[in-house]
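1. Model the following, please.
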Amino acid sequence: MPSYANRYISSLTRETYALILAGGRGSRLHELTNWRAKPAVYFGGKHRIIDFPLSNCINSGIRRVGIATQYKSHSLIRHVNRAWGHFKKELGESVEILPASQRYGDEWYCGTADAVFQNMDIIRHELPKYVMILSGDHVYRMDYGALLAKHVETGADMTVCCIEVPCEEAANTFGVMTVDGDKRVRRFDEKPAQPTSIPGKDGICLASMGNYVFNTEFLFEQLKQDAEREGSGRDFGHDIIPAIIEEHNVFAFPFRDPSHEGQPYWRDVGTLDSFWEANMELVSPEPQLDLYDPSWPIWTYQEQLPPAKFIFDDDDRRGMAVDSTVSGGCIISGSAVKKSLLFSNVHLHSYCKIESSVVLPGVVIERNCNIRNAIIDRGCHLPEGLEIGFNPDLDRENGFRVTNKGIVLVTREMLLAYNQNQQRTKQKLQTA
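-> Sure thing, here's the model as predicted:
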């Protein structure tokens, strides 16, 4: 028989509607988000970032989910329809796309709170007792049932999910909370330049994960008031939370790893460096984010592809990959891959060396390429003999983006410009 606690939490998840805010551009990812929203960015060898909050919802028992989209959402919508479009409304489950549609005026989504406000009629139709607002930008695994149970237990009007991060990392990036001994939020600063440390933990602050739980009617009441408030930025961190912490019950829920009560895996892959680093963590022998755990699977859309193929076993031409992940449809033809992630349908021709790199789907790399510390965007075709990641000045001269930490981003548009420049140089030499 199921335990009372499990049945109690399952009843809470059935009474919850989750809204994932997935309209962000992710401008610090530069050209990687020129044609896709940040939640649609590839991650971990086969997934997209949006798959993590969606999988958390489904694994937690929350089966009514909306996804608010806005910025360049085509690839995100296509992915969600393919991977998550099989839920049956008649069984009380659904994953629905909620694009900005000017339901309450002439504006598109103007902030996180406005994205929820403009979908209030859709949420109300679901008749939830609780509404969970989730960021679609982060990579983590979390059972939302514990969060819901604590929200009800404390009698909160709103609960803010939070995590401990270094103040230096949180500065100008995360909302930072100050709480009392009961975890009630007493102060909230949105992206402060100098975050307030946790008492007794100098240099560590309590940062908002962008995940909230509201009692439904309380949420609607606050959204309506905020919509009428002149000068509001229509944002939870900037406007809603600071306006309610004095007179209402707003509690913090520290996100902990249930296995050891320590800091759990949570990554904001909002920069090219953090995106590369988070992917590189996955090729270690025992990564903190275990994508192989059958008890908490990360669901996604998968094409029907043949298995990865490694060919040639000559001394100077051996198809191999070590400390790497290689997805279906890949062909490693007489090349060596080390500490890298290859997404689906990557084709490496002979005599290449790929090290510490993230290679997105559909990339073709011609012979004698030498690549390290790189992010190769989807659909790139690298010409024969190209070197990337060994000379930052040359990489910049070739039109590639090089981060402060030396990670090189290569996109199709960059390669087109590079190839055109190479062709012009060749023509000049021929006519000289």
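
2. helices and strands around the longest strand anywhere in the chain, which ones?
-> The longest strand of the chain (DSSP state E) is strand 204-215. For strand 204-215, the packing partners by 3 or more Cβ pairs under 8 Å, 6 or more residues apart in numbering; DSSP states H and E come out as strand 130-135, helix 144-153, strand 158-166, helix 167-170, strand 175-179, strand 250-254. The way it works is simple: take the backbone N, C-alpha and C, and place the C-beta from them, glycine included.

3. if we compare those, which one ends up closest to Gln70?
-> Gln70 sits nearest to strand 130-135 of all those, at 13.9 Å, using Cβ to Cβ.

4. Please name the residues that touch the closest residue to Ile58 other than its chain neighbours.
-> Excluding the flanking residues, the one nearest Ile58 by Cβ to Cβ, 6 or more residues apart in numbering is Trp299, at 6.7 Å. When contacts are counted by Cβ atoms under 8 Å, 6 or more residues apart in numbering, Trp299 touches Asp51, Leu54, Ser55, Ile58, Ala83, Trp84.

5. quick revisit: could I get the helices and strands packed on strand 204-215 as TSV with distance to Leu415 and mean neighbour count?
-> Output for these, formatted as TSV (distance: least, Cβ to Cβ, whole Å; neighbours: other Cβ atoms under 10 Å):
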stretch	distance to Leu415	mean neighbour count
strand 130-135	32	24
helix 144-153	41	19
strand 158-166	36	22
helix 167-170	33	17
strand 175-179	39	22
strand 250-254	45	21
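
6. got a markdown table for those, with distance to Gly26 too?
-> Formatted as a markdown table, those follow (distance: least, Cβ to Cβ, whole Å):
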| stretch | distance to Gly26 |
| --- | --- |
| strand 130-135 | 12 |
| helix 144-153 | 23 |
| strand 158-166 | 19 |
| helix 167-170 | 17 |
| strand 175-179 | 18 |
| strand 250-254 | 25 |
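
7. picking up where we left off before, distance from the chain centre to the longest strand of the chain, please.
-> 16 Å (Cα atoms, centre = their mean, to the nearest Å).

8. ok, now stretch 173-180?
-> With Cα atoms, centre = their mean, you get 21 Å for stretch 173-180.

9. do the same with stretch 317-325
-> The mean C-alpha position of stretch 317-325 is separated from the chain mean by 27 Å, Cα atoms, centre = their mean.

10. cool, and stretch 185-199?
-> 24 Å.

11. got it, and stretch 279-292?
-> Worked out by Cα atoms, centre = their mean, stretch 279-292 lies 16 Å from the chain centre.

12. Which residues does it contact?
-> With Cβ under 8 Å, 6+ apart, stretch 279-292 has contacts from 43-45, 47, 139-141, 265, 267, 298, 323-325, 339-341, 356, 358.

13. again, only this time at 6 Å
-> Gly44, Tyr265, Ile298, Asp323, Ser324, Lys339, Leu341, Val358 (Cβ atoms under 6 Å, 6 or more residues apart in numbering).

14. Can you get me a residue count around the fourth one?
-> Spelled out, it's Asp323. Using other Cβ atoms under 10 Å, Asp323 has 14 other residues around it.

15. try the fifth one
-> If you count neighbours by other Cβ under 10 Å, Ser324 ends up with 22.

16. wait, it sits on Val337?
-> Yes. Using Cβ atoms under 6 Å, Ser324 is in contact with Val337, at 5.1 Å.

17. got the contact list for the longest helix anywhere in the chain?
-> Scanning the chain for the longest helix, with DSSP state H as the assignment, gives helix 412-431. Contact with helix 412-431 is made by Gly379, Cys380, Asn398, Gly399, Phe400, as judged by Cβ under 6 Å, 6+ apart.

18. Not counting its neighbours along the chain, what's nearest Thr13?
-> Gly61 is the one closest to Thr13 (Cβ to Cβ, 6+ apart), at 3.7 Å.

19. ditto for Arg229
-> Asp239 (7.3 Å).

20. Contact partners for the one you found?
-> By Cβ under 6 Å, 6+ apart, the neighbours of Asp239 are Asp226, Ser232, Gly233.
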